[in-house]
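Q: attaching a predicted model along with its sequence, questions to come.
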Amino acid sequence: MPFIRLDPPAPAAGPELFFEGRPLRFRPGETVAGALMAAGVTAFRETPVSGAARGPWCLMGVCFDCLVSIDGQDNQRACMVAARAGMKVRRQIGARRDAAGAGK
C-alpha cells in the first residue's frame, strides 16, 4: 500500500530539497523519509545481494532500510534526519559503508 498523506501537501512556495537532482517541496519539520514518501518515492536504496529495492519500514531508525546519501554522506537514516532546504539526497546503492571507510 502506498504512503498516503493525511495532512495538506507541502506549500507551493515552501522549502525544497533535491532527490537525485529533482526538486521536492516539503513541509517544515518533516524528516527526509517523510518528504520523499509524500513525493511518491518508495525505493530509497538497493540491497547489495539481490539489488531489491528497499524503503522505509520502521520509521524510527531501527531497521536501516531507509539509508540514503545526504549531501555526499552515505548511511544516513532518512527517517531520522530533518529535511533542510537545499539538501541533496540520493539513493544508496549496494552495501552499507561504515564510518571507517570499509566497503568504499
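A: That came through fine.

Q: I'd like to know how many residues surround residue 82.
A: Residue 82 is flanked by 13 other residues according to other Cβ atoms under 10 Å. C-beta coordinates here come from the backbone N, C-alpha and C atoms, glycine included.

Q: hey, what's it bridged with?
A: Bridge pairing for residue 82 (DSSP bridges) gives the partners residue 31.

Q: that one: what's it in contact with?
A: Residue 82 sits next to 29, 30, 31, 32 when contact means Cβ atoms under 8 Å, 6 or more residues apart in numbering.

Q: could those residues be laid out in a markdown table, adding pLDDT and neighbour count?
A: As requested, the contacts of residue 82 are arranged in a markdown table below (pLDDT from 0 to 100; neighbours: other Cβ atoms under 10 Å):
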| residue | pLDDT | neighbour count |
| --- | --- | --- |
| 29 | 91 | 8 |
| 30 | 93 | 18 |
| 31 | 96 | 20 |
| 32 | 97 | 27 |
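
Q: from those, pick the one nearest residue 8.
A: residue 30 (12.4 Å; Cβ to Cβ).

Q: and for that closest one, nearest residue in space, chain neighbours not counted?
A: Leaving aside its chain neighbours, residue 30 sits nearest to residue 83 (5.0 Å; criterion: Cβ to Cβ, 6 or more residues apart in numbering).

Q: isn't the one you found right up against residue 39?
A: No: using Cβ atoms under 8 Å as the test, residue 83 is too far from residue 39 to be in contact (10.8 Å).

Q: the more surrounded of these two?
A: Neighbour totals were compared for residue 83 and residue 39, and residue 83 leads with 25 against 18 (other Cβ under 10 Å).

Q: show me the contacts for the more buried one.
A: Contacts of residue 83 by Cβ under 8 Å, 6+ apart are 15, 17, 26, 30, 31, 32, 34, 35.

Q: what do you get if the cut-off is 7 Å, keeping everything else the same?
A: By Cβ atoms under 7 Å, 6 or more residues apart in numbering, the contact set of residue 83 is 17, 26, 30, 31, 32, 35.
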